[in-house]
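**Student:** I'll drop the sequence and a predicted model, then ask my questions.
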Amino acid sequence: MQRYILHRLLQAVVVLFLVSLVVFVMLHVLPGGAGRAILGKSATPLQVAQFDHRMGYDRPIPVQYWTWLTQVLRGDLGFSYKLNQPVSAVLGQALPKTALLTAISIAVALLIAIPLGLLQAVRRNKPADHIGTGVAFVLYATPTFFLALALVLIFGVDLRLLPAEAPQTNSIPAILGSFQGMILPVASLALGMVALFSRYLRSSILDNLAEDWVRTARAKGLPPRRILVRHVLRNSLTSMVTLLGLSVPWVLAGSVIVEQVFNYPGMGLLFWNEAQVNDFPVELAVVLVVGVATVAGNLLADIGYALLDPRVRYGRS
Amino acid sequence: MTAGQELAAVQPPAGPAAGLADAPRPAGRALLGAFAENRVAVAGLVLLVALVLFCFIGPHLYSTDQVHANLATANLAPGSPGHPLGTDNLGFDELGRLMAGGQASLEVGIAAALFATIFGALWGAVAAVAGGVVDALMMRIVDALSSIPSLFFLIFLAHVLSFSVPMLIIVIGYVAWLGPARLVRGEALTTISRDFVQAVKMMGGRTPRMVIRHVIPNAIGTMAVNATFQVADAILVVAALGYLGIGVPPPAADWGTMLSSGISFAEAGYWWMIFCPGLAIVLTVVAFNFIGDGLRDAFSVRARTR
């Protein structure tokens, strides 16, 4: 078990190193170099050269990479010239809000998807299952921006039931206080996840129902409901841990669109806005944070699954 | 692995084709038979054929000017004389624009998916055959690239490059090849461990021959199924790019761009500019997912009869 975790940790470190390399290369493939990209088109060549020299952009690439890496490891993500603030301060403001939005959305999605997946598995190939499958396929095929816009048009513009904009405040308690504004953003982000999670759970429950130990439990005379909830569902939820870990990049990408549509001041909106004005330090920092979150999600998925499922633990150690 | 393949990978094989197992048939016909018995897959195929006819034959029957804007006829509601689905903010006929936009969306989606599948398959097969450090390094590169969600990458790129149609295909293909690479590597590892490949190796068969003659053909089923889901995903990416304002360059259009230009008029209640292209995207993606599902079941039937 320890060897397995150690092996996975090592892999994650290698991947993180490659992610940082990709992010760094992204900065250096900018047309005309980073200095030109940051200062803009109207800067004179002399100004660009002076800036490059001051920032160390004229030094050899490996040296620059090392300097940058040590800075990042110390928590220094650079300086945003467009916002005139350190990038870490800007991110510190935006990141908790994205975390809040995605956490609520995942929780809502699980609350809907678990009963739905269970219902579909129990009523396999009956109308309820077919309807669930159809809805999942349509939800999955609906781009997040279309879903968000459709929800705004229906509930915000036509029916005037819900605000078409997320709460415009910087404090998390205030966001929670005006939860009405969060309903549409959360719905836009959660519905796609419902499709994914419920499909996964449905097939996982069906697989588990075909296992020998279910037949044993039945033969022992356990009530079907108990078999389903205590044995089968428990087993299937374990494998959902992996799916949750793997959906981190997907959820974060969705949050860019949702935050942009609803003007919710999180990391996704920050990335979108700063991309419009070529604020590369912020863009690269966000990409780096997202990359780290994805690697961490994958790692937690694997380790969590190994901890929860003894078969993985003994099979690999 | 994208959400689409995730969604696809978790669906259990459907029941109706199971009866085929007793009667041995030629592989191709068994494949067709299994596909035809899957009603959902056939529905997907019919839907796709209808969409393709609509986009590519439609403009010959219902010809509209999709190049010259005409502000005199802008923002007409559906049902206006001569414009069954109304017009957009530049006066383009919405129905005609759906056809033209569909051509771009389908072409870019299919081309990008093919590019991604071929490149990814080769990468995965080479990694599996090479093994050892090379394999580990190649797969960690895949891990690292898939740790950066493609949307962030595309938004970043959009402000650095200017997109043309071939560029779009390459960029979308580039963010989509990671799934096929992983899948084919897995398949290839299984193939390589089988006796007949080991025999080829012992007889002195060279590596490129092994990849092209044995590893790739054995992964064809997986690749075909995956490619179908890739098209669905690529069409969603094209739509997202269009929505972000970096889709197919004007005067051409794609569904995402159409939807995006309709947003400014959401408050005015011009719903047709948003719902028409939106529904077109959803229908196309559903069609490809249905077909992919049917193909997967058909291929797993073939695996059973062999």
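**Tutor:** Cool, got the structure.
**Student:** from now on I want contacts and neighbour counts done on CA atoms only, so please keep to that.
**Tutor:** OK.
**Student:** list the buried residues of the helix or strand harbouring B:V129.
**Tutor:** Using DSSP states H and E, B:V129 falls within helix B:94-130. When burial is assessed from 16 or more other C-alpha atoms under 10 Å in any protein chain shown, helix B:94-130 yields the following buried residues: B:94-129.
**Student:** so where do the strands sit in the stretch 1-150 of chain A?
**Tutor:** Assigned by DSSP state E, counting those that start in this stretch, the stretch 1-150 of chain A shows strands spanning A:79-80, A:85-86.
**Student:** sort out which residues of the strand or helix carrying B:L168 are buried, please.
**Tutor:** For B:L168, the enclosing helix or strand under DSSP H and E is helix B:165-176. Buried residues in helix B:165-176, counting neighbours by 16+ other C-alpha under 10 Å, are found at B:L168, B:I169, B:I170, B:V171, B:I172, B:G173, B:Y174, B:V175, B:A176.
**Student:** dump the C-alpha coordinates for that helix into PDB.
**Tutor:** Taking Å, rounded to 0.1, in the frame of the first residue of the first chain, the C-alpha atoms of helix B:165-176 are listed here in PDB:
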ATOM      1  CA  VAL B 165     -10.200  26.700 -40.400                       C
ATOM      2  CA  PRO B 166      -7.100  24.500 -40.800                       C
ATOM      3  CA  MET B 167      -5.700  26.100 -37.700                       C
ATOM      4  CA  LEU B 168      -8.900  25.300 -35.800                       C
ATOM      5  CA  ILE B 169      -8.700  21.700 -36.900                       C
ATOM      6  CA  ILE B 170      -5.100  21.400 -35.700                       C
ATOM      7  CA  VAL B 171      -5.700  23.200 -32.400                       C
ATOM      8  CA  ILE B 172      -8.800  21.100 -31.600                       C
ATOM      9  CA  GLY B 173      -7.100  17.900 -32.700                       C
ATOM     10  CA  TYR B 174      -4.100  18.800 -30.600                       C
ATOM     11  CA  VAL B 175      -6.200  19.100 -27.400                       C
ATOM     12  CA  ALA B 176      -8.200  16.000 -28.200                       C
END
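**Student:** can you tell if it touches chain A?
**Tutor:** No: judged by C-alpha under 8 Å from any C-alpha of the partner chain, helix B:165-176 and chain A are separated, with a smallest distance of 13.2 Å.
**Student:** between that helix and helix B:94-130, how many degrees?
**Tutor:** Between helix B:165-176 and helix B:94-130, the angle comes out at 50 degrees (axes from the mean of the first three to the mean of the last three C-alpha atoms, to 10 degrees).
**Student:** returning to that earlier point: show me how far the helix holding B:V129 is from its chain's centre.
**Tutor:** Mean-position distance between helix B:94-130 and its chain equals 6 Å (C-alpha atoms, centre = their mean, to the nearest Å).
**Student:** show the pLDDT at the residue nearest the centre of chain B.
**Tutor:** Nearest residue to the geometric centre of chain B (C-alpha atoms, centre = their mean): B:V231, 0.4 Å. If you check B:V231, the pLDDT there is 87.
**Student:** same check on A:L116?
**Tutor:** 90.
**Student:** leaving out chain neighbours, which residue sits closest to it?
**Tutor:** Distances taken as C-alpha to C-alpha, 6 or more residues apart in numbering or on different chains put A:S198 closest to A:L116, at 6.1 Å, once the chain neighbours are dropped.
**Student:** pLDDT weak spots in the stretch 51-200 of chain B?
**Tutor:** Applying pLDDT under 70 to the stretch 51-200 of chain B flags residues B:65, B:67-80, B:82-85, B:89-91, B:162.
**Student:** what residues does it have near chain A?
**Tutor:** By the rule C-alpha under 8 Å from any C-alpha, the part of the stretch 51-200 of chain B lying against chain A is B:140-141, B:143-145, B:147-153, B:155-156, B:159-160.
**Student:** what is the nearest of the residues you listed to A:G297?
**Tutor:** Checking these against A:G297 by C-alpha to C-alpha gives B:S147 as the nearest, at 9.8 Å.
**Student:** out of the strands of the stretch 1-150 of chain A, which is closest to chain B?
**Tutor:** strand A:79-80 (15.9 Å; C-alpha to the nearest C-alpha).
**Student:** what's the closest one packed up against?
**Tutor:** strand A:85-86, helix A:280-308 (3 or more C-alpha pairs under 8 Å, 6 or more residues apart in numbering or on different chains; DSSP states H and E).
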